[in-house]
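Colleague: Mind looking at a prediction? Sequence and model below.
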Amino acid sequence: MTAPVTAPMEVRQATAPEQVPGMSTEDLRDRYLVPGLFAPGEVRAVYTHHDRLVLLGAVPADLPLDLPAFDPLRTATFLERREAGVVHVGGGAGAVTVDGEAYAMTEGSVLYVGRGAGAVRFASADPADPARFYLVSAPAHATHPTVLTGPDGGTVRELGDALTSNRRTLRQVVHEGGVRSCQLVLGVTRLHPGSTWNTMPAHTHDRRTEAYLYVGLPADARVVHILGEPSQTRHLLVADGEAVVSPSWSVHCGVGTAAYTFVWAMAGENQSFDDMDGCAITDLR
Ligand SMILES: O=C[C@H](O)[C@@H](O)CC(=O)C(=O)O
Ligand SMILES: [Zn+2]
């Protein structure tokens, strides 16, 4: 038995960079901030027309939760024409079952699920300590194998320096040199204690949309996330468990009032992680 599926999907149209300078704080938050994905006993989803990414949260509590089909996608199952990366982003242990095969997951585990998988079910080991699952999905045109990566797996890159408050460990999980996919590129970056800046110097990548999900941030802390064209930046104040959509023309970087972890995920024209257009710190406006 599973919990009844009540999963509306919020649809957001794409935006152009010229819109950003005229937006109010509320406009910016409505367009680019994705709050409220994680609610016990619920699946919540947002569809952005920027590279047709879907961001979804599932927090199974007393009963397992099934990945639903959403009406805006007009498919019988969610993954009929899509692929997904599922990241365990906090709470107790859990499992994701794909067509009858259960994958046990703890915080930091990543499950890539290939196109065409049918039944996907999320469950928590202990309903009193529910697992938080974050799913990012992109359209896919071929099937790659479903692969589980453990909390320490992937290609590890040590980045930054404590002297510039940006010492962090980046794990590339779904990428050209690791778990294969059609479009999706996904990993997890953890700030070391005392470091608070993520991607600085910042960059854009006109070939890919990216989404950052901030996790592991204390309840009374925030990340100041910077977006927009490098010459016209704006900011969002982001809380734990909230995501930000970064269109291909937008920088995406931020500084926390405390250390945190973030899941980054991209899709679009290519999968080349190092295909970035760097922005010198001194050129940001
Ligand atoms: O295009 C790649 C992305 O913005 C992230 O991978 C950056 C990141 O995780 C980091 O700086 O720590
Ligand atoms: Zn990026």
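Modeller: Okay, I see it. Ligands and ions are numbered 1, 2, ... in the order given.
Colleague: alpha carbons only for contacts and neighbour counts from here, please
Modeller: Fine.
Colleague: what pairs with Val224 across the strands?
Modeller: Leu237, Val255 (DSSP bridges).
Colleague: For it, give me its contacts.
Modeller: The contact partners of Val224, by CA atoms under 8 Å, 6 or more residues apart in numbering, come to His235, Leu236, Leu237, Val238, Gly254, Val255, Gly256.
Colleague: Looking at those residues, which is nearest ligand 1?
Modeller: Nearest to ligand 1 among these is Gly254, at 9.5 Å by CA to the nearest ligand atom.
Colleague: Surely that closest one and Arg222 touch.
Modeller: No - the pair Gly254 / Arg222 is not scored as a contact, 10.0 Å apart, by CA atoms under 8 Å.
Colleague: hang on, the earlier thing: redo the contacts of Val224 as CSV? Include distance to ligand 1, pLDDT and neighbour count.
Modeller: Compiled in CSV, those are given as follows (distance: CA to the nearest ligand atom, whole Å; pLDDT from 0 to 100; neighbours: other CA atoms under 10 Å):
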residue, distance to ligand 1, pLDDT, neighbour count
His235, 16, 98, 17
Leu236, 16, 98, 19
Leu237, 18, 98, 17
Val238, 16, 98, 23
Gly254, 10, 97, 20
Val255, 11, 98, 21
Gly256, 13, 98, 21
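Colleague: Let's have the residues you listed in CSV, adding distance to Ala102.
Modeller: Listed next are the contacts of Val224 as CSV, based on distance: CA to CA, whole Å:
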residue, distance to Ala102
His235, 40
Leu236, 38
Leu237, 37
Val238, 33
Gly254, 36
Val255, 37
Gly256, 36
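Colleague: Run through the strands of the stretch 101-250 of the chain in chain order.
Modeller: Per DSSP state E, counting those that start in this stretch, the stretch 101-250 of the chain carries strands over the ranges 101-105, 110-113, 120-124, 131-139, 147-149, 155-159, 168-174, 185-191, 203-204, 208-215, 223-227, 234-238, 243-246.
Colleague: Could you list every helix and strand that the third one packs against?
Modeller: The criterion is 3 or more CA pairs under 8 Å, 6 or more residues apart in numbering; DSSP states H and E, and the helices and strands that strand 120-124 contacts are strand 65-66, strand 94-98, strand 131-139.
Colleague: Tell me who's in contact with the residue nearest to Gly256 when sequence neighbours are not counted.
Modeller: Computed as CA to CA, 6 or more residues apart in numbering, the closest residue to Gly256 that is not its neighbour in sequence is Val223, at 4.0 Å. Residues in contact with Val223 (CA under 8 Å, 6+ apart) are Leu236, Leu237, Val238, Ala239, Gly254, Val255, Gly256, Thr257.
Colleague: how close does Pro193 sit to Thr282?
Modeller: When CA to CA, to the nearest Å is the yardstick, Pro193 and Thr282 sit 26 Å from each other.
Colleague: next one: Gly41
Modeller: On the measure of CA to CA, Gly41 and Thr282 end up 46 Å apart.
Colleague: ok, the two, which is more surrounded?
Modeller: Gly41 (20 against 7; other CA atoms under 10 Å).
Colleague: ok, that one touching Leu63?
Modeller: Yes - the criterion here is CA under 8 Å, and Gly41 meets it with Leu63 at 7.3 Å.
Colleague: Leaving out sequence neighbours, find the closest residue to Arg85.
Modeller: For the record, residue 85 is Gly, not Arg. Tyr112 (4.5 Å).
Colleague: For that neighbour, give me its contacts.
Modeller: Contacts of Tyr112 by CA under 8 Å, 6+ apart are Glu83, Ala84, Gly85, Val86, Pro145, Thr146, Val147, Leu148, Val174, Val179.
Colleague: I'd like to check which residues are in contact with the residue of the chain found nearest ligand 1.
Modeller: Nearest to ligand 1 in the chain, going by CA to the nearest ligand atom, is Thr199, at a distance of 3.6 Å. The contact partners of Thr199, taken as CA under 8 Å, 6+ apart, are Asn166, His252, Cys253, Gly254.
Colleague: Next one, pLDDT for it please.
Modeller: If you check Thr199, the pLDDT there is 94.
Colleague: Relative to Asp51, how far out is it?
Modeller: 22 Å.
Colleague: Equivalent analysis for Leu135, please.
Modeller: 15 Å.
Colleague: swap in Gly268?
Modeller: For Gly268 relative to Asp51 (CA to CA), the value is 6 Å.
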